[in-house]
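S.K.: Have a look; sequence and predicted model below, questions after that.
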Amino acid sequence: MAHLPHVVARIPVSLTPVSPARTVARLVLGGFLAFAGITHLTVARKEFRAQVPPWVPLTADTVVVASGVVEIALGTALLAAPKQRTSVGWVVAAFFVAIFPGNISQAVTHTDGFSLNSDAARSVRLLFQPLLVLWALWSTGALKSWRASR
């Protein structure tokens, strides 16, 4: 991840057109992120605290609020900045990687949250995080653009 800014800097801003499927996937992901961010700040705040690892040196509520604000910003960028979609795609993918330790912590500490009240449910959830990373990279054309630049 140390080289991510360098990679993002090499991605061209003027992009080739993307397929309607990628566009719809990007907009759905943007809506999902914005909605999740709003729920971080409102109705699901307590549930999101369950995902904050105990070793994080901030209060769980601070982490939940900060991650909610970031999710709203990323979701908005996916929805409203199509010319920057590849750069935003890399940032969204990095965000999904950055929050993955919270999902691992929830599984390891056997913490219930979001109806994930069994080890099996928490373990299955771990399998979906890489899919979110791929969704961000595919729907924004980030991987395609990166390959083309090489």
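M.R.: It's in. The shown structure was predicted, so the numbers you read here are calculated from the model rather than taken from an experiment. Numbers count the residues shown, from 1 in each chain.
S.K.: Leu137 touches Trp90, doesn't it?
M.R.: Yes. Between Leu137 and Trp90 there is a contact at 7.5 Å, judged by C-beta atoms under 8 Å. Glycine gets a C-beta too; all of them are placed from N, C-alpha and C.
S.K.: Next, work out how far apart the most centrally placed residue in the chain and Asn103 are.
M.R.: In the chain, the centroid-proximal residue (C-alpha atoms, centre = their mean) is Phe96; its distance is 3.6 Å. In this view, Phe96 and Asn103 are 10 Å apart by C-beta to C-beta, to the nearest Å.
S.K.: repeat for Val52
M.R.: 11 Å.
S.K.: With neighbour numbers in mind, choose between the two.
M.R.: Legend: neighbour count by other C-beta atoms under 10 Å for Val52 and Asn103, higher for Val52 (22 against 19).
S.K.: What about the more buried one? Give its phi and psi, please.
M.R.: Per-residue torsions, Val52: phi -80, psi 120 (degrees, to the nearest 10).
S.K.: Mind listing what's buried along the longest helix seen in the chain?
M.R.: Taking DSSP state H as the criterion, the chain has its longest helix at helix 85-108. Using 16 or more other C-beta atoms under 10 Å as the test for burial, helix 85-108 gives 85-97, 99, 102-103, 105-107.
S.K.: do the same with stretch 58-67
M.R.: Buried, per 16+ other C-beta under 10 Å, within stretch 58-67: 60, 63-65, 67.
S.K.: Could you pull up the mean pLDDT of that stretch?
M.R.: Here stretch 58-67 scores 95 as its mean pLDDT.
S.K.: low-confidence ranges in the protein?
M.R.: Applying pLDDT under 70 to the chain flags residues 1-17.
S.K.: mind listing the helices for it?
M.R.: Going by DSSP H, the chain shows helices at 4-9, 20-41, 45-49, 60-80, 85-108, 119-139, 142-149.
S.K.: Quick check: chain neighbours aside, which residue is closest to Ala107?
M.R.: Arg122 (4.0 Å; C-beta to C-beta, 6 or more residues apart in numbering).
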